[in-house]
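**Student:** What follows is a predicted protein model with its sequence.
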Amino acid sequence: MKPIMRLFVAILLTTGAITSHAEEYTIKFSHVVAPGTPKGKAADLFARLVNERLNGRVHVEVFPNSQLYNDNKVMEAMRLSDSRTTGIMAAPSLSKFVKFSRTIQAFDLPYLFNDIDDVHRLVDSPLMSLMTRPLERKGLKALSLWDNGMKVFSIRGDGPLKKVPDDFRGKKFRIQSSEVHAAMIRALGGVPQKLPFKEVYQALAQGVVDGQENAWSNIYSKKFFEVQDWITVSNHSYLGYMVVVSERFWRGLPTDIRDELRQILAEATEANRRFAREADSQDRQRIEAAGKAKVVEPSADEIAAWRKATAGVEEAFRQRIGKDLLSRIHILLGH
Ligand code: LMR
């Protein structure tokens, strides 16, 4: 275009005499937990900030409580979706990514992390991109990692889970779709049973399973504590999430929108860590105050026995997760 023509078009655009056709985008954020949990709150904050700052260009709608999809279905929907203007976003737990990245199973290992600070050391390290890169080839763009917290065990029956394997023997435990979790339950002496999150309450209430493992906010918000008698503060592994979006949709977004979405996600991620810390203590207190399930702290000796019983799980998965990656994680964590 000649410079004079370019100037003419620029004047028409700025005076509104002609308008450029800007695409409008919709993001459907699907998750399985209650809105008041660390993931639910972070998803709502992300939606609010996008709807304010990208008003008219991007609209985010959040669908909690498995309303739209469960975690396995949402990943398939994301991978199959070819819409340029409507993107599906989700934050499934890390355990649900095993089909797409074997290395991510490291997060499921029992007692790999002493606490949430250990988890953040890994999440904030360059090792993280090694673990998420394979997802792109599978049509999923990894954007951020969100916390829920360290998991604890719950059970119904006469006594709490303290002694391994005696207190686990013959008991069925609901787990997520993770082979590492299955191996851990067997190592503790129990029987694992994989079930989608939305079926857990019924399964506990009807005695299909005896117990389960989860973070405090899920046990509270989904009322698992009302159908369980004991909670053991085992803090044996981590529950966290990867925020993902369809890779095709993400690649097709204009760069300025992608940049703004990244910035907003960074803010939502920072807030999520705060929400998770708060939920850990508040939801535990709420459960204790309700007086239904009794919360017990295992002794140092009992925890040592749990660690010892489950030590072989890492050994069994070392090849699949990657020997080199695991030793780099241990060096990073210093234990
Ligand atoms: C579970 O299935 O127990 C969790 O992954 C649910 C969730 O998203 O926190």
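**Tutor:** Arrived safely.

**Student:** Wait, a strand at residue 26?
**Tutor:** Yes. Membership of residue 26 in a strand is supported by DSSP: H, G, I helix; E, B strand; the rest coil.

**Student:** Phi, psi for the residue lying closest to it once chain neighbours are set aside please.
**Tutor:** Nearest in space to residue 26, with sequence neighbours left out and distances taken as CB to CB, 6 or more residues apart in numbering, is residue 86 at 4.7 Å. Using the backbone N, CA and C atoms, a C-beta is placed for each residue, glycine as well. Main-chain torsions, residue 86, degrees, to the nearest 10: phi -120, psi 120.

**Student:** Now that residue 86 has come up, it's in contact with residue 28, right?
**Tutor:** Yes. Residue 86 is within contact range of residue 28, at 6.8 Å (criterion: CB atoms under 8 Å).

**Student:** Could you name the helices and strands sitting against the longest strand anywhere in the chain?
**Tutor:** Using DSSP state E, we find that the single longest strand of the chain is strand 140-150. Applying 3 or more CB pairs under 8 Å, 6 or more residues apart in numbering; DSSP states H and E, one finds that strand 140-150 contacts helix 38-53, helix 71-80, helix 116-123, helix 127-136, helix 216-221, strand 238-246, helix 247-252, helix 255-290.

**Student:** thinking residue 135 is in contact with residue 142, fair?
**Tutor:** Yes. Judged on CB under 8 Å, residue 135 makes contact with residue 142 at a distance of 5.2 Å.

**Student:** tell me, what's touching those two both at once?
**Tutor:** Common neighbours of residue 135 and residue 142 (criterion: CB atoms under 8 Å, 6 or more residues apart in numbering): residue 244.

**Student:** Between these two, tell me which one has more neighbours.
**Tutor:** residue 142 (22 against 19; other CB atoms under 10 Å).

**Student:** Look up which residues are beta-bridged to the more buried one.
**Tutor:** residue 244 (DSSP bridges).

**Student:** Spit out the contact partners of it.
**Tutor:** Residue 142 makes contact with 132, 135, 136, 242, 243, 244, according to CB under 8 Å, 6+ apart.

**Student:** and which of those is nearest the ligand?
**Tutor:** residue 242 (10.9 Å; CB to the nearest ligand atom).

**Student:** How about the residues of the stretch 201-335 of the chain by the ligand?
**Tutor:** For the stretch 201-335 of the chain, the contact set with the ligand under CB under 6 Å from any ligand atom comprises 214, 218, 239.

**Student:** and which of those residues is nearest residue 166?
**Tutor:** If you rank these by distance to residue 166 using CB to CB, residue 214 comes first, at 22.6 Å.

**Student:** Name the nearest residue to that closest one, ignoring sequence neighbours.
**Tutor:** Nearest residue to residue 214, sequence neighbours excluded (CB to CB, 6+ apart): residue 151, at 5.7 Å.

**Student:** I'd like to know how many residues surround that neighbour.
**Tutor:** 20.

**Student:** From the contacts of residue 142, list just the buried residues.
**Tutor:** Using 16 or more other CB atoms under 10 Å as the burial test, these include 132, 135, 242, 243, 244 as buried.

**Student:** want to throw the residues you listed into JSON lines with pLDDT?
**Tutor:** As requested, these are arranged in JSON lines below (pLDDT from 0 to 100):
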{"residue": "132", "pLDDT": "95"}
{"residue": "135", "pLDDT": "94"}
{"residue": "242", "pLDDT": "98"}
{"residue": "243", "pLDDT": "98"}
{"residue": "244", "pLDDT": "98"}
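
**Student:** Dump the residues you listed into CSV; add distance to residue 73 as well.
**Tutor:** Converted to CSV, these look like this (distance: CB to CB, whole Å):
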residue, distance to residue 73
132, 21
135, 17
242, 16
243, 17
244, 14
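
**Student:** Residue 181: what's it in contact with?
**Tutor:** By CB under 8 Å, 6+ apart, the residues touching residue 181 are 95, 108, 175, 192, 213.

**Student:** What about the residue of the stretch 151-300 of the chain at minimum distance from the ligand, how many residues nearby?
**Tutor:** Using CB to the nearest ligand atom, the single residue of the stretch 151-300 of the chain nearest to the ligand is residue 197, 3.5 Å away. The number of residues packed near residue 197 is 21, by other CB under 10 Å.

**Student:** which non-adjacent residue is nearest it?
**Tutor:** residue 32 (4.8 Å).

**Student:** Below-threshold pLDDT in this protein: ranges please.
**Tutor:** Applying pLDDT under 70 to the chain picks out residues 1-21.

**Student:** try 50 this time
**Tutor:** For the chain, the stretches flagged by pLDDT under 50 are 12-20.

**Student:** Work out which residue lies at the spatial centre of it.
**Tutor:** For the chain, residue 241 is the residue whose C-alpha lies nearest the centre (CA atoms, centre = their mean; 1.8 Å).

**Student:** Tell me who's in contact with it.
**Tutor:** Here residue 241 is in contact with 39, 91, 92, 93, 94, 145, 146, 147, 148 (CB under 8 Å, 6+ apart).

**Student:** Thank you kindly, that will do.
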